[in-house]
Every structure is written in C-alpha cells, then in structure tokens.
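**Student:** Quick one, structure for this:
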Amino acid sequence: MAHQIKRLTAVAVRGHSAPGLYADGAGLYLQINKTGTKSWAFIFQWRGARKQMGLGSLKVRSLAEAREAADTARKLVADGINPIEERGDTRTTDRTFGALADQLLDALRPEWKNAKHVYQWEQSLKVDAAPLRSLDVDAVTTEDVLAVLKPIWAVKPETASRTRGRIERVLDAAKAKGLRSGENPARWKGHLALLLPKRQKLYKGHHPALPFDEVSDFVGQLRARPAPAARALDLLILTASRTSEVVGAERSEFDLVKKVWTVPAERMKGKVEHRVPLTDAAVKIVRAAMAEGDEFAKLNPQAPTRWLFTDPTGMKPMSNMAMLMLLRRMGHDDISVHGFRSTFRDWAGECTNFAREVVEAALAHQIGNEVERAYRRGDALEKRRKLMDAWAGYCDRPRSTNVVEIRRPA
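**Tutor:** Numbers count the residues shown, from 1 in each chain. Model prediction:
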C-alpha cells in the first residue's frame, strides 16, 4: 500500500498544539516541542540508521515551503547523498547567515586574483551585512536586507549595490544546500528594485579619481608620511602604474643607470613587457627602498631581498591593500589607488600637447589593431620619458603655482 502524502493542511498545522511529531508524508514532519514551538523535520534512513534533519521553524517556513525543502532532501538521499552532510548542518551555528557567508568566502577564494577582492567581499559580508550574521539563514527577510541597505544606499551607492549582490549570493547558496526556500529577499529585479530608489552613480568612469589640480597637494602630504606604503604610492603616481605592478616589483627589474623599469610580461595586465622611464624623483624612491631593504636584510639575514616593497615582516611583497588603506588613513575614502591613472590621463589630455598614442603607451594600453601595432614596433620610450618628466614636475610643484599664464598672441 502506498504511503499517504500531504496529510497535513494549513488549518491542521495551526491547530496542533500537543508536543510530538505530526506526519505529512514522505519523511516530512511537523515537530512541536514542550514549549509549543513548531518546526519542520525531515526524517530518513541513512545506512541503516534513522536520521532527522531540521528544516526551519514554522514561523519562517510555510507548509508548502517545508514540502519543497523536504523534496530537495529526499532527492539527495535517492542519489546517495546525505542531505545533512551536504549542507554541513551540525545544528549549532552552521545555519546562521554568517556561517554560510564564511563558507561561501572560502569556496570563492581560489577564484580571486588578489587580496583586494578578498577584502571587498569580507567587508560586504562581515561588516556591511553584520546585522544579518546572527540570523538563521532561513529567517532572513526582505525587511532584514533593507535594514542593511537603506543606511548606505544613498551615501555609498557602489558599496550598497555590491553588498546587496553578495547577500543575494549567500542566500542562493543556502537555498542550493536546502537551508532555505522561496524567493530570495535580496533579489533586485522585480523585488528590491520596487522598494529602493534607482542607484545613482557618484563617479564618472570605473575608478573614483583625484582631480589632477589637487595632485600636487596630495603628493606633498604623501611625502610627509614615513610609511613604505606612501613611497610605493608615490612611485605608482609618478609612473602611472597599476597596483599589482608596484607591489610586485622586483629589484632586478630596475636599471637605475639607464633610469628604466622593465616590468615582465607575466606581471602585466596585457601580458606584454612594459618599459617605464623613471624620473629623477622615481629613481630617488627606488634607491631609498633598496637601501631600506638592505638595512633590514642585515638585521634579518633570512629575509629575501627580491622585492622592492615588502610587507612588515620583510618576507613577502607588500599587500595589494596597503596603498588603499593608506588612502583611508589619509581621509580619502572617495578615491581609489587605480584612479591615479585616470588623474594622469586627464592631466595629459587637458594640460599637455603630448600625442594620445604616447599617453596611452605610458599607461600600457594597446592602441589600434594588430596590423597597426605590428608596424609600430617601438614603445616610444624617449617620448614617454619627456611626458613623465613633465608629470613629475607637475606633481612636485606647490599648489599655488598650479596656474598657467595664458599669453595673448602677438
């Protein structure tokens, strides 16, 4: 005789009050404890033993949703998978949003290319979404998500948008593990889009940048700071380089006689070797960093002298986050390290007559199609040297002289 399923009704679920288990069929039970709290349980046989898997309370999961969760667990059992082990459920804190968020961080970590991605995800899920972390992942509601997003939606739109997407990712992962069911309360389209104002973009372009007419003041402040990260950021600005190129710079890449820094192809975004002309100010920074590394090595013979800038231990290259954290300590929450490349590009375009191809070459951007690049065999090093000398002079002059006299033609 086939077992009867869907025995319970919504009315019956509300009506039951005595402690015990009430079968709905196919392993799903309404469980009422001695205090009268109602919850759902899926009971199944696994390798000859009776197992019970919690599916959440009646308060956060309806009868229909409990049936859906039980059906998912039942299919796992049929496929030879223990649904309890599949979701890592030890019935302690594993069902909290925080636990699931941390599991997702661990799972995604191998995909991320640098520490910046790790920092951004951890900031979203551990700091911005902190009010959700203690909640049962099955209990997170639209109101909970809105409580996280509303305070930052208007003032930090980019942060809020990323946080929303990462919360949605955690809740989707929880559903895939059978820890929640129903619609995702962090979903944007057709849901939060109807409850929050359209996000306003605060910045033009991808990376918020410092206006070029403020760069000399900023560089002056930067050079007053003793931190190695300040020297690294100074070099990054003077060379219009990327973060990864600077923090991963090796001493062997620098020819201080010819005043050229050669970044190997494997460390370049475009996978093409890039020669960087060094200004006198940049050479000074490199020499000082090398001298500091030599002094550290004398006191710590085991420390490598491979990298130009290292972390505080001296054993690894400087963290990708060091310069960004320096900006935050200087009170510049509104700009990014990468944005200094935009600052340089804006200055070159508005204040100089250097050819666009020379400026783009300084930024290690590819120009034209493959045929054009094949005929343009040189890298315009000497033309770029003049450009970078002009940029270094602009960065170094006092703010009060950042005025160019416009003479009337004779």
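
**Student:** Name the spans of the stretch 251-400 of the chain whose pLDDT lies under the cut-off.
**Tutor:** Applying pLDDT under 70 to the stretch 251-400 of the chain flags residues 367-379, 398-400.

**Student:** Counting neighbours, what do you get for residue 301?
**Tutor:** Residue 301 has 6 neighbours, counted by other C-beta atoms under 10 Å. C-beta: built from backbone N, CA, C; applies to glycine.

**Student:** hang on, I meant residue 140
**Tutor:** Neighbours of residue 140 under the rule other C-beta under 10 Å: 25.

**Student:** do the same with residue 78
**Tutor:** Neighbours of residue 78 under the rule other C-beta under 10 Å: 9.

**Student:** and it, how far is that from residue 156?
**Tutor:** Relative to residue 156, residue 78 is positioned 46 Å away (C-beta to C-beta, to the nearest Å).

**Student:** now swap in residue 234 and tell me
**Tutor:** Note on residue 234: its distance to residue 156, by C-beta to C-beta, is 28 Å.

**Student:** Show me which of the two is the more surrounded one.
**Tutor:** residue 234 (21 against 15).

**Student:** right, and the more buried one touches residue 223 too?
**Tutor:** Yes: the pair residue 234 / residue 223 is scored as a contact, 6.5 Å apart, by C-beta atoms under 8 Å.

**Student:** got the residue ranges for the helices in the stretch 201-350 of the chain?
**Tutor:** 215-223, 228-239, 243-247, 280-299, 322-329, 339-351 (DSSP state H, counting those that start in this stretch).

**Student:** Residue 172 is nearest to which of the ones you listed?
**Tutor:** Set against residue 172 and scored by C-beta to C-beta, the helices of the stretch 201-350 of the chain come closest in helix 322-329, at 28.8 Å.

**Student:** Return the set of buried residues in stretch 64-79.
**Tutor:** If you call a residue buried by 16 or more other C-beta atoms under 10 Å, then stretch 64-79 has these buried ones: 65, 66, 67, 68, 69, 70, 72, 73, 74, 76, 77.

**Student:** C-alpha coordinates for stretch 40-54, CSV please?
**Tutor:** Provided in CSV are the C-alpha atoms of stretch 40-54 (Å, rounded to 0.1, in the frame of the first residue of the first chain):
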residue,chain,number,x,y,z
TRP,A,40,9.8,21.2,10.4
ALA,A,41,11.8,18.0,10.3
PHE,A,42,12.8,15.6,7.5
ILE,A,43,13.3,12.0,8.8
PHE,A,44,15.1,9.5,6.6
GLN,A,45,17.1,6.2,6.8
TRP,A,46,20.8,6.5,6.1
ARG,A,47,23.0,3.4,6.0
GLY,A,48,20.6,1.5,8.3
ALA,A,49,20.2,4.4,10.8
ARG,A,50,17.4,6.8,11.4
LYS,A,51,18.4,10.4,10.7
GLN,A,52,16.5,13.6,11.4
MET,A,53,17.2,16.9,9.6
GLY,A,54,15.8,20.2,10.7
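
**Student:** Provide a list of residues in contact with residue 395.
**Tutor:** By C-beta atoms under 8 Å, 6 or more residues apart in numbering, residue 395 lies in contact with 215, 216, 219, 237, 238, 281.

**Student:** For the residues you listed, work out which two are farthest apart.
**Tutor:** Largest separation among the contacts of residue 395 by C-beta to C-beta: 215 and 281, giving 13.2 Å.

**Student:** Looking at those two, which is more packed in?
**Tutor:** Taking other C-beta under 10 Å, residue 215 and residue 281 do not tie; residue 215 has more neighbours (23 against 20).

**Student:** can you pull out the strands in the protein?
**Tutor:** Listed in chain order, the strands of the chain (DSSP state E) span 20-25, 28-32, 38-46, 49-57, 254-255, 260-263, 274-277.
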